[in-house]
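Visitor: the amino acid sequence is not available; the structure is as follows:
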């Protein structure tokens, strides 16, 4: 029996399917975000500059790379745990730079609060994925 299930709760194969679907669902937003950064390229550098990010051009390049490569690794199930930790660090960093809700007031603050805590929730899911591993439907299945 799998260490991740209780008797009568779920079969190991069910967990593997759930982990595959969860891996895809958790990261699908990142490549979409990368696409919009690429097609609106000067805008992301300007935004990062306005937000006080260090090295905004390099930050934009790193953001596109992180939002493209790390989700791909997670979907494929290749170095999943390391990719999940990478996305956790990336997501926490972007939250600290771009979603500083404590600096806003009124309706603008609400949008930033939701974005910040959505990112925190995504980090929670990525942390579970890093802990459990990708399941059997992966290039590198969990041991």
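Guide: Done, it's in. Here the structure is a predicted model, which is why all the values come from computation and not from measurement.

Visitor: could you pull out the strands in the protein for me?
Guide: Ranges of strands in the chain, per DSSP state E: none exist.

Visitor: confidence-wise, which helix or strand of it is lowest on average?
Guide: Within the chain, no helix or strand scores below helix 12-27, which has a mean of 91 by mean pLDDT, DSSP states H and E.

Visitor: and the residue lying closest to residue 37 once chain neighbours are set aside, how far is that from residue 122?
Guide: Excluding the flanking residues, the one nearest residue 37 by CB to CB, 6 or more residues apart in numbering is residue 44, at 4.7 Å. For the C-beta atoms, the positions are set from N, CA and C on the backbone; glycine is no exception. Noted for residue 44: a distance of 20 Å to residue 122, by CB to CB, to the nearest Å.

Visitor: name the residue in these two with the higher neighbour count.
Guide: More neighbours surround residue 44 than the other of residue 44 and residue 122, with 22 against 19 (other CB atoms under 10 Å).

Visitor: go ahead and confirm the more buried one touches residue 34.
Guide: No. Between residue 44 and residue 34 there is no contact under CB atoms under 8 Å: 10.0 Å.

Visitor: overlap in contacts, those two.
Guide: Residues touching both residue 44 and residue 34 by CB atoms under 8 Å, 6 or more residues apart in numbering: residue 63.

Visitor: pLDDT on the longest helix along the chain, on average?
Guide: In the chain, assigned by DSSP state H, the helix with the most residues is helix 106-132. Mean per-residue pLDDT for helix 106-132: 95.

Visitor: list the buried residues of stretch 72-79.
Guide: Judged by neighbour count using 16 or more other CB atoms under 10 Å, the buried positions of stretch 72-79 are 73, 74, 75, 77, 79.

Visitor: ok, the residue positioned nearest the centre of the chain - contacts?
Guide: Nearest to the geometric centre of the chain sits residue 87, at 4.6 Å (CA atoms, centre = their mean). By CB under 8 Å, 6+ apart, residue 87 lies in contact with 27, 30, 66, 70, 71, 74, 122, 126.
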